[in-house]
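Participant: Provide a 3D model corresponding to the input given below.
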Amino acid sequence: MNTQFSFNIKSIIFNENYHPADSTRLTTNFANLARGESRQENLRNTLNMINNRFNALANWDNPQGDRYEIELEIISVEMDIAGAKSSFPSIEILKTNIIDHKLNTRTEGIVGNNFSSYVRDYDFSVLLLDHNKNQASFSIPKDFGDLHGKLFQSFIHSDAYRAHFTKLPVICLSVSDSKTYHRTENHHPILGVEYLPDEASLTEQYFKKMGLEVRYFMPPNSAAPLAFYFKGDLLNDYTNLELISTISTMETFQKIYRPEIYNANAAAGRCYKPNLKNADHSVTQIVYDREERSALAIKQGKFTEEAFIKPYQSFLEQWAANYAL
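Facilitator: Predicted structure coming up:
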């Protein structure tokens, strides 16, 4: 395994007093909520939504619906290149912790959940856009996502990851509004009913290069399926409470960011095509600027190009060519 990269992991609690660090991508779910005049109310309401959803799903031995509380840690991963003067902000993910007020215990949930990456911003908001300028039809650049995928796999196989986390990550994202999903007969008691897409999305292909496969499940009383990206066995490697911690956290974020899909007034049917123009939905009490988030993705992608891709291009190309687990 290549040792010219090393990773430094930091964590901070995500609560109503959270302020984003300077190195945090401002398009990230949790960072976007923690800005502006409504920041504290946004954060408080978001955490209440997460806890209410968790208790609704973890309803056994929980008659009042208040047994559990989720504590979220923001995990920031800095990448050090041998000989470089400074670190580069590589990845940010969320780690759930489950507080049981009945037993007075605090146990680890799942690491992953949200996924934030500057290099992914570069790939999608700079490289992919530049590649398709003045093109008659959309296409994907050669080796698209290769570097990012190898950087991610290098991280989850690193000594730093193993020192901090006992299980592999699960990343939970929205379904694609360009694909159609079909309900199957497979049903999990926590994850819900499984859906299958009609074809692989670009995000699926991108995450496959990160060593992750995907399954789509619509949890009980949800409006739409969620995409669960994982390595290993999603249904058997994690406990029910661990899975609930991810569902409650990421479904809450999706209700805020994509209410047309995840806060729709009608649930997904047997054949489901997500629609971001769906007017029949409810909005949360949480302030969010979706247009600003899209503009920031391009800004952050260009930062990555100038601060990481261009200065270390020859090194990165050589490292990626020789990288092997």
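Participant: can you show me the strands along the stretch 201-325 of the chain?
Facilitator: Under the criterion DSSP state E, counting those that start in this stretch, the stretch 201-325 of the chain contains strands at 213-218, 226-230, 271-272.
Participant: can I get those in TSV with distance to Ile286?
Facilitator: Every C-beta, even on glycine, is put in place using the N, C-alpha and C of the backbone. Shown next, in TSV, are the strands of the stretch 201-325 of the chain (distance: least, C-beta to C-beta, whole Å):
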stretch	distance to Ile286
strand 213-218	22
strand 226-230	19
strand 271-272	25
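Participant: okay, those, which one's buried deepest?
Facilitator: When the strands of the stretch 201-325 of the chain are scored by mean count of other C-beta atoms under 10 Å, the highest mean neighbour count falls to strand 226-230 (a mean of 23).
Participant: strand partners (parallel or antiparallel) of it?
Facilitator: The strands beside strand 226-230 in its sheet (DSSP bridges) come out as strand 170-174 (antiparallel), strand 213-218 (antiparallel).
Participant: distance to Ala82 and mean pLDDT added to those, as a markdown table?
Facilitator: Converted to a markdown table, the strands paired with strand 226-230 look like this (distance: least, C-beta to C-beta, whole Å; pLDDT from 0 to 100):
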| stretch | distance to Ala82 | mean pLDDT |
| --- | --- | --- |
| strand 170-174 | 28 | 97 |
| strand 213-218 | 32 | 98 |
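Participant: what does the average pLDDT come to for stretch 74-86?
Facilitator: The average pLDDT for stretch 74-86 rounds to 83.
Participant: which of the residues in that stretch are buried?
Facilitator: Using 16 or more other C-beta atoms under 10 Å as the test for burial, stretch 74-86 gives Ile74, Ile75, Ser76, Val77, Glu78, Met79, Ile81.
Participant: just the strands in the stretch 1-150 of the chain please.
Facilitator: 5-14, 68-81, 88-100, 105-117.
Participant: now do Tyr122 against Leu151, distance only.
Facilitator: Separation of Tyr122 from Leu151 (C-beta to C-beta, to the nearest Å): 12 Å.
Participant: confidence-wise, which helix or strand of the protein is lowest on average?
Facilitator: helix 29-33 (a mean of 56; mean pLDDT, DSSP states H and E).
Participant: any chance of a markdown table for the strands of the stretch 1-150 of the chain, columns distance to Gln300?
Facilitator: Below are the strands of the stretch 1-150 of the chain laid out as a markdown table (distance: least, C-beta to C-beta, whole Å):
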| stretch | distance to Gln300 |
| --- | --- |
| strand 5-14 | 19 |
| strand 68-81 | 15 |
| strand 88-100 | 10 |
| strand 105-117 | 10 |
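Participant: pick out the shakiest of those strands, pLDDT-wise.
Facilitator: strand 5-14 (a mean of 88).
Participant: strand 88-100 and that one, what's the angle between them?
Facilitator: Put simply, strand 5-14 runs at 40 degrees to strand 88-100, going by axes from the mean of the first three to the mean of the last three C-alpha atoms, to 10 degrees.
Participant: strands paired with strand 5-14, and their directions?
Facilitator: Under the rule (DSSP bridges), strand 5-14 has strand 68-81 (antiparallel) as partners.
Participant: export the partner strand as CSV, just CAs?
Facilitator: Provided in CSV are the C-alpha atoms of strand 68-81 (Å, rounded to 0.1, in the frame of the first residue of the first chain):
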residue,chain,number,x,y,z
TYR,A,68,-33.5,7.7,22.2
GLU,A,69,-31.5,10.7,21.2
ILE,A,70,-29.0,11.0,18.3
GLU,A,71,-25.7,12.8,18.8
LEU,A,72,-23.9,13.7,15.6
GLU,A,73,-20.2,14.1,15.1
ILE,A,74,-18.8,15.8,12.1
ILE,A,75,-15.7,13.9,11.0
SER,A,76,-13.2,16.0,9.1
VAL,A,77,-10.4,14.2,7.2
GLU,A,78,-7.3,16.1,6.2
MET,A,79,-4.9,14.6,3.7
ASP,A,80,-1.1,15.1,4.0
ILE,A,81,1.1,14.6,1.0
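Participant: please compute how far that strand lies from its chain's middle.
Facilitator: Relative to the centre of its chain, strand 68-81 is centred 12 Å away, using C-alpha atoms, centre = their mean, to the nearest Å.
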